[in-house]
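Chemist: got a structure for you, letters missing:
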């Protein structure tokens, strides 16, 4: 019994706006599917009442209408696809490209900084350490042994 209460609470009150949108979309899709199925059943009932010649012509007419609707749906889908492609192109040109340009500029700046530090800090310190180690070794070589 408690499982049913928890399930009904989860169904009644979606927690986030995304869950509300998903629930709304599922309800709309379900209603459209039921209406389409009811239309198909009603159409089949009318087709079964007709004469054979009339039935063939009516079936042909129904298929022509279905093909026209399908073409309309494909056309709308293509228009949506073209609009989305235009939006994506705009996004790439106006938002992603400047970010990539700034990143490239930063990387080049860092390369210059690394070169500068390598030439002016790291190499002199390494040469100094090398000279100190060489002097120490030379001193150890000439140092009197006990």
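Modeler: Thanks, I have it. Computed from a predicted structure; not experimentally measured. Numbers count the residues shown, from 1 in each chain.
Chemist: Can you give me the pLDDT of residue 132?
Modeler: Looking at residue 132, its pLDDT reads 93.
Chemist: Could you number the chain from 247 rather than 1 from now on?
Modeler: Shifting the count to begin at 247 puts that one at residue 378.
Chemist: Now name the helix or strand holding it.
Modeler: helix 369-388 (DSSP states H and E).
Chemist: on contacts alone, who are the packing partners of that helix?
Modeler: Helix 369-388 sits against no helix or strand, with contacts defined as 3 or more CB pairs under 8 Å, 6 or more residues apart in numbering; DSSP states H and E. (Glycine included, C-beta is placed from N, CA and C.)
Chemist: what sits against residue 329?
Modeler: By CB atoms under 8 Å, 6 or more residues apart in numbering, residue 329 lies in contact with nothing.
Chemist: Would you list the phi and psi of it?
Modeler: phi -60, psi -40 (degrees, to the nearest 10).
Chemist: Residue 276: how many residues sit nearby?
Modeler: Using other CB atoms under 10 Å, residue 276 has 10 other residues around it.
Chemist: That one and residue 282, how far apart?
Modeler: Separation of residue 276 from residue 282 (CB to CB, to the nearest Å) stands at 11 Å.
Chemist: Now the helix holding residue 378: buried residues?
Modeler: When burial is assessed from 16 or more other CB atoms under 10 Å, helix 369-388 yields no buried residues.
Chemist: got it, and stretch 322-342?
Modeler: Quick answer for stretch 322-342: no buried residues (16+ other CB under 10 Å).
Chemist: and that stretch, how far from the chain's centre?
Modeler: Distance, stretch centre to chain centre, for stretch 322-342: 13 Å (CA atoms, centre = their mean, to the nearest Å).
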